[in-house]
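1. need coordinates for the following:
(one chain, ligands or ions: 1)
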Amino acid sequence: MIGSILVTGGAGFIGSNLVHSLLRDGHDVTIFDALSRRGSERNMTWLRSQYGHSQLHCIRGDVRNFEAVQAAVREADVIYHLAGQVAVTSSVSHPPKAPRSPGIHAGDG
Ligand SMILES: NC(=O)c1ccc[n+]([C@@H]2O[C@H](COP(=O)([O-])OP(=O)(O)OC[C@H]3O[C@@H](n4cnc5c(N)ncnc54)[C@H](O)[C@@H]3O)[C@@H](O)[C@H]2O)c1
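-> Model prediction:
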């Protein structure tokens, strides 16, 4: 059995499906997500309605915040890093919103 699993971007399209699968298999999962993507709050609400608070933990945070990431990864045995600005056009037109951090680089997809 894997220990604690951290999923950055866990409220996104891929992340929420991954988290759903991990929770269904009985794992403890922490989502680290800025909830900046439209629909991500709805995904989070849906996961919460399915699995409650015992297995699923949520941190609203930005992967560009080094201290927040450092605190989140401390307890994690496995990390899936899926937080990212998916649209290349958005990264070009709004570069400050493209996730970058000293600890994690998020691709632009
Ligand atoms: N969907 C695809 O077909 C596809 C294909 C190849 C690669 N990818 C890559 O997989 C990853 C996830 O893709 P997706 O389709 O689930 O995208 P998505 O936009 O649905 O999910 C990304 C999640 O990251 C969160 N996020 C964005 N910026 C953040 C930040 N600075 N800090 C914390 N959270 C932040 C958003 O709120 C969202 O919940 C991305 O890196 C994407 O580039 C996706």
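
2. interface residues of this structure facing the ligand?
-> By C-beta under 6 Å from any ligand atom, the residues of the chain that approach the ligand are 9, 11-15, 33-37, 40, 62-64, 82-86, 99, 106-107, 109. Using the backbone N, CA and C atoms, a C-beta is placed for each residue, glycine as well.

3. redo that, cut-off 5 Å
-> With C-beta under 5 Å from any ligand atom as the criterion, the chain meets the ligand at residues 9, 11-14, 33-34, 36-37, 40, 62-63, 82-84, 86, 99, 109.

4. give me the buried subset of these.
-> Buried by 16 or more other C-beta atoms under 10 Å: 9, 11-12, 33-34, 36-37, 40, 62-63, 82-84, 86, 99, out of the residues of the chain next to the ligand.

5. residue with max distance from the center of this protein?
-> No residue in the chain sits farther from the centre than residue 93, which is 23.3 Å out by C-alpha atoms, centre = their mean.

6. please report the distance of that residue from the ligand.
-> Separation of residue 93 from the ligand (C-beta to the nearest ligand atom, to the nearest Å) stands at 15 Å.

7. one step back: tell me which of the residues of the chain next to the ligand fall in helices.
-> 13-14, 40 (DSSP state H).

8. okay, the residues you listed in TSV with pLDDT and distance to residue 52 next?
-> Formatted as TSV, those follow (pLDDT from 0 to 100; distance: C-beta to C-beta, whole Å):
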residue	pLDDT	distance to residue 52
13	96	23
14	97	23
40	97	19
